[in-house]
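In: I'll drop the sequence and a predicted model, then ask my questions.
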Amino acid sequence: MNPLLPELCCMPDAEAHVMPDGRLYLYGSWDISGTPYYCSDVLHTFSTDDMVHFTDHGVIFENSDNHRGMSWSSNPLLYAPDAIHKDGKYYLYVCADHGEEGVAVADRPEGPFSDAEPVVGADGRGIDPAIFVDEDGQAYYLWGQFSLHGGKLADDMKTIIPGSEKTDILTEREHGFHEGSSLRRRGDRYYIVYTDIARGRATCLSYAVADHPLGPYTKGGVIIDNVYCDPQSWNNHGSIECFGGQWYVFYHRSSHNSNTSRRVCAEPIFFDENGMIAEVQQTSSGAEWALSPHLIPARSTCRMMGACYITACDGREVLQSGGGNHWGQRDWAEYRYIDFGDGSVSKASFCVRGSGSITVKTEDGEVCAVSFAADDFETVTAPMAKIVGRRAIWLFLEGDFVLREFGFQ
């Protein structure tokens, strides 16, 4: 289910890597839920063996005033890390506010990592490090915003080999490159996934393809666009990875009616016979085929219109109605997909606080509607028309209220 991590865990910029223990690890920035700024002074990692249940390994790197993991950095905030395994060691690449870039080493994929050292040749020159180790053992390092730089790393994994650097691997003018590169290999081809601004905002994750890690690269297209994940959403950043024989795109969605409080999500992706990736939709089900209809967290909405958004209430994530109308657009929240099976469910229930109404619709029309006035959270119900199979639904919202969860019985 999307988002992948527990409530109030805001990990953007997710780099997904399958490590030697067979588990998939997520490395990313760490937004503080509900705050108006990007990132924080700590990094976390989570791991999974099934793409459904994730283990929280806690803080793996810190750059706070109490422990400045990047001792030479001028600001504690940490942005968009990446990590890799090589020769029995795990390397965490980190960057700070003024282009400082460093690497910390650990014996385990979850660290802890501490006391980073500068990446010689890249430190002080940009943000968003990306690390890739090819089949021959050669490591490549990418970094930059608006124009992508890259080069080969020496065996010390912290020095760009002199003479190996290339500039303008991707550019904003030619590729729509904004920031956030991520490099993978599939067969004999190399794919850079990156934040693409070509649709007017940095909401797209796109890809470019080459026959060598440092290019030249040809733009392939958009993999996913997180537009409409929040009224104020601005950026996207993520990666692709193959796990259990299936490729996924990992991306983030904003919340709290803001650019920030971003939460990691994933969708299966598919390559055609020419190695091109088809654009996929945001879904609520993510790596799962569909959600159970019986209990659906409101936070799992995949797209919203109007002024509604995901926020926090009493330590839980909820869907906040925006009052019913925003710039002429009625509030609605989309949930894609839910498995209604043989259509035996006959009642809808909603855990709400406040006053208003909810109308449930599918592509075929209205399913049910309910009105309520609740001073505290209570469950209201309504009979519903028959729905069969795997379906997308839309909740049309009127009034001033929050929705914690809903279901169909």
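Out: Structure's in. What do you need? Everything quoted here is computed from the prediction, not taken from an experiment.
In: neighbours around Gly137, how many?
Out: Other residues near Gly137 come to 9 when the count uses other C-beta atoms under 10 Å. For every residue, glycine as well, the C-beta is placed using N, CA and C.
In: got it, and Gly322?
Out: 21.
In: now Asp211
Out: Residues within reach of Asp211, counting by other C-beta under 10 Å, total 11.
In: one more: Gly399?
Out: As a measure of burial, Gly399 has 18 neighbours, counting by other C-beta under 10 Å.
In: and it, what are its bridge partners?
Out: According to DSSP bridges, the partner residues bridging Gly399 are Gly356.
In: where do the helices sit along the stretch 51-200 of the chain?
Out: 172-175 (DSSP state H, counting those that start in this stretch).
In: show me the strands in it, by range?
Out: In the stretch 51-200 of the chain, strands defined by DSSP state E, counting those that start in this stretch lie at 54-62, 78-86, 89-96, 101-106, 117-118, 130-133, 139-143, 149-153, 177-186, 189-196, listed in chain order.
In: out of those, flag the one nearest Asn2.
Out: Shortest separation from Asn2 across these is recorded for strand 54-62, at 12.2 Å, computed as C-beta to C-beta.
In: any chance of the strands of the stretch 51-200 of the chain in CSV, with mean neighbour count, mean pLDDT and distance to Phe372 too?
Out: Written out in CSV, the entries for the strands of the stretch 51-200 of the chain read as follows (neighbours: other C-beta atoms under 10 Å; pLDDT from 0 to 100; distance: least, C-beta to C-beta, whole Å):
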stretch, mean neighbour count, mean pLDDT, distance to Phe372
strand 54-62, 18, 98, 34
strand 78-86, 24, 98, 42
strand 89-96, 24, 98, 48
strand 101-106, 23, 98, 51
strand 117-118, 18, 98, 58
strand 130-133, 23, 98, 48
strand 139-143, 25, 98, 52
strand 149-153, 23, 98, 55
strand 177-186, 23, 98, 42
strand 189-196, 25, 98, 41
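In: closest to Asp225 out of the ones you listed?
Out: Distance to Asp225, taken as C-beta to C-beta, is lowest for strand 189-196 among these, at 8.8 Å.
In: who does the next helix or strand after that closest one pair up with?
Out: Secondary structure here is assigned by DSSP states H and E; on that basis, the next helix or strand after strand 189-196 toward the C-terminus is strand 204-210. Partners of strand 204-210 in the sheet, by DSSP bridges, are strand 189-196 (antiparallel), strand 218-225 (antiparallel).
In: out of these, which comes closest to Glu241?
Out: Each of these was checked against Glu241 via C-beta to C-beta, and the shortest separation belongs to strand 189-196, namely 9.9 Å.
In: return the alpha-carbon coordinates of the closest one using PDB.
Out: What follows is the C-alpha trace of strand 189-196 in PDB, where atoms were taken according to Å, rounded to 0.1, in the frame of the first residue of the first chain:
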ATOM      1  CA  ARG A 189      22.000  -0.500 -21.100                       C
ATOM      2  CA  TYR A 190      22.300   2.200 -18.500                       C
ATOM      3  CA  TYR A 191      19.300   4.100 -17.100                       C
ATOM      4  CA  ILE A 192      19.500   7.500 -15.300                       C
ATOM      5  CA  VAL A 193      16.300   8.300 -13.500                       C
ATOM      6  CA  TYR A 194      16.000  12.000 -12.600                       C
ATOM      7  CA  THR A 195      13.700  14.800 -11.600                       C
ATOM      8  CA  ASP A 196      12.200  16.300 -14.900                       C
END
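In: show me what counts as buried in stretch 155-166.
Out: Applying a neighbour-count criterion of 16 or more other C-beta atoms under 10 Å, the buried positions in stretch 155-166 are Met157, Lys158, Thr159, Ile160, Ser164, Glu165, Lys166.
In: among these, which one lies nearest to Ile223?
Out: Here the nearest of the buried residues of stretch 155-166 to Ile223, counting by C-beta to C-beta, is Lys166; it sits at 23.5 Å.
In: in terms of contact, does that closest one touch Gly150 like I think?
Out: Yes - look at Lys166 against Gly150 with C-beta atoms under 8 Å: they come within range, at 5.6 Å.
In: and for these two, which residues touch both?
Out: When contacts are counted by C-beta atoms under 8 Å, 6 or more residues apart in numbering, Lys166 and Gly150 are jointly contacted by Leu214.
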